[in-house]
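>>> this one's sequence-less:
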């Protein structure tokens, strides 16, 4: 693994505010910075991962309704705790699981890989294009004055984050609302993305080891398609 000084600084300066841990002391996150990714269309390798993930969906849904899958249920409770209605604002893992019932979308190689890892390891997983990112990531609870650039009915629009909701930000502004609900278009991945900050979120009952396994498999999958990738990683939690 080759780690650049820029990578080290970006991850070292990342932080999660204390009020997040007051809301959920069991919250942990892995920040995974990957550079040198080779963009490309969906291929046999990404298809194999998607099929494996789809099989895991069938297995889980044979045991639980979607809302009672353990890590999804934990995130639904977390959303309720900051005032969101999880039936209307689903965390990214639940939203992807619901799509996966009828087959995961095939988008491009990068998106297919991280969608598959999210499903297989039951981890809410987001990606930010580092070429569009400004500074280090930080997670705080909103005051209600933070502006969020998004789209509505295909048109650019600006929303205000709701008071108390967790928001991921960079030095320019909000990058993702409600912890892992909706990413802003400014830093969204594209077919040309080669540098990504992946955010892997966990609550109990998901263990640290399970979270690390998800990060390791994502790293391995990206290294198989781009052997020259450079990877840096940081774990943040109450004990780290």
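That came in fine, so what should we check first? Please read these numbers as outputs of a predicted model, since none were measured by experiment.
>>> residue 171: what secondary structure?
Put simply, residue 171 is coil when judged by DSSP: H, G, I helix; E, B strand; the rest coil.
>>> how about the contacts made by it?
134-136 (C-beta atoms under 8 Å, 6 or more residues apart in numbering). All C-beta spots, glycine's among them, are computed from the backbone N, C-alpha and C.
>>> from these, which is closest to residue 18?
Of all those, residue 18 sits closest to residue 136, with 17.0 Å by C-beta to C-beta.
>>> so the closest one sits in a helix?
No - according to three-state DSSP, the state of residue 136 is coil, so it is not within a helix.
>>> distance of it from residue 48?
Residue 136 sits 34 Å away from residue 48, going by C-beta to C-beta, to the nearest Å.
>>> then residue 109?
The gap separating residue 109 from residue 48 is 12 Å, by C-beta to C-beta.
>>> then residue 161?
Remark: distance between residue 161 and residue 48 (C-beta to C-beta) = 39 Å.
>>> comparing these two, which shows the higher neighbour count?
residue 161 (22 against 12; other C-beta atoms under 10 Å).
>>> tell me the contacts of the more buried one?
142, 144, 146-148, 167, 174, 177.
>>> low-scoring stretches of this structure, by residue?
For the chain, residues meeting the criterion pLDDT under 70 lie at 1-8, 240.
>>> on that earlier part again, tell me the one of the contacts of residue 171 nearest residue 188?
Each of the contacts of residue 171 was checked against residue 188 using C-beta to C-beta; the closest is residue 134, at 14.4 Å.
>>> which of the contacts of residue 161 count as buried?
If you count burial by 16 or more other C-beta atoms under 10 Å, the buried members of these come out as 142, 146, 148, 167, 174, 177.
>>> in strands only, show me the residues you listed.
Judged by DSSP state E, strands contain the following of those: 148, 167, 174, 177.
>>> going by distance to residue 28, which of these wins?
Proximity of those to residue 28, judged by C-beta to C-beta, is greatest for residue 167, which lies at 17.9 Å.
>>> right, and the closest one touches residue 142 too?
Yes - with contact defined as C-beta atoms under 8 Å, residue 167 and residue 142 form a contacting pair (5.0 Å).
>>> mutual contacts of these two, please.
Listed as contacting both residue 167 and residue 142 by C-beta under 8 Å, 6+ apart are 161, 174.
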